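1. need a 3D model of the sequence below.
(chains A and B)
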Amino acid sequence: GQNIDQPTEMTATEGAIVQINCTYQTSGFNGLFWYQQHAGEAPTFLSYNVLDGLEEKGRFSSFLSRSKGYSYLLLKELQMKDSASYLCAVRDPGATDSWGKLQFGAGTQVVVTP
Amino acid sequence: DTEVTQTPKHLVMGMTNKKSLKCEQHMGHRAMYWYKQKAKKPPELMFVYSYEKLSINESVPSRFSPECPNSSLLNLHLHALQPEDSALYLCASSQVGQFYGYTFGSGTRLTVV
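-> The predicted model follows:
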């Protein structure tokens, strides 16, 4: 199984930068995903890391260190619409059809203030 | 078409009712999933279908019965549910393989009374 930890809540002001950390403990690893979820809505895919390093997509960047079991999601130039829950998810290689089993962390609620 | 469509969006059912949730995608994805999400909690995996065959059942009670009639459709049949089963039920799909993320539907908000 997986143990995936991320902070419960973070608050930042519009235009600022926020970094959401995620640590995981697992016997194996097949990739890490970040999703954004607004209240009452479905999660939407933000990024995917399987190799160490930084992946940049516009205002969002995601970093992975497999040796440390650590990832972060960096949100730059925060906008009010970025207020949402951000879910870290790790692909679990332990199941028979391991490619298909995505395990989610509890999510980090980001609150953007004016 | 890059969407996963779930119906209905909201459902209220009694504990003796039988109802079904429906999920449809036309992206050619051959893996489909049901997740359950309670308020302020992460989505919890219930079932995985791969090439229309059930590949993972996360020890879900038998009052939840999944069905995948073809590569585009996924159903979740509900019978004799309990109030604690009230939650957001999310359907997702993906390409088969470890490098692909999921596309989620907007969910069905289920209330059991």
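2. bridge partners for B:Ser93, pull those for me.
-> B:Met32, B:Thr103 (DSSP bridges).
3. then A:Tyr70?
-> Beta bridges link A:Tyr70 to A:Thr23, A:Ser65, judged by DSSP bridges.
4. can you give me the strands in chain A?
-> A:3-5, A:9-13, A:18-25, A:32-37, A:44-49, A:53-57, A:60-65, A:70-75, A:84-91, A:102-104, A:108-113 (DSSP state E).
5. in the third one, which residues are buried?
-> For strand A:18-25, burial by neighbour count (16 or more other Cβ atoms under 10 Å in any protein chain shown) applies to A:18, A:20, A:22-24. Yep, even glycine has a C-beta here, placed from its N, CA and C like the rest.
6. pick the one among those residues closest to A:Gln6.
-> A:Gln6 has its nearest neighbour among the buried residues of strand A:18-25 in A:Cys22, at 4.6 Å by Cβ to Cβ.
7. residues contacting that closest one?
-> Shown in contact with A:Cys22 (Cβ atoms under 8 Å, 6 or more residues apart in numbering or on different chains): A:4-6, A:32, A:34, A:70-73, A:88, A:105.
8. mind putting these in CSV, distance to B:His29, neighbour count and pLDDT included?
-> Shown next, in CSV, are these (distance: Cβ to Cβ, whole Å; neighbours: other Cβ atoms under 10 Å in any protein chain shown; pLDDT from 0 to 100):
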residue, distance to B:His29, neighbour count, pLDDT
A:Ile4, 24, 22, 91
A:Asp5, 30, 13, 94
A:Gln6, 27, 22, 96
A:Leu32, 21, 24, 93
A:Trp34, 20, 25, 96
A:Tyr70, 30, 14, 96
A:Ser71, 25, 24, 98
A:Tyr72, 29, 18, 98
A:Leu73, 25, 25, 98
A:Cys88, 23, 27, 95
A:Gly105, 24, 23, 92
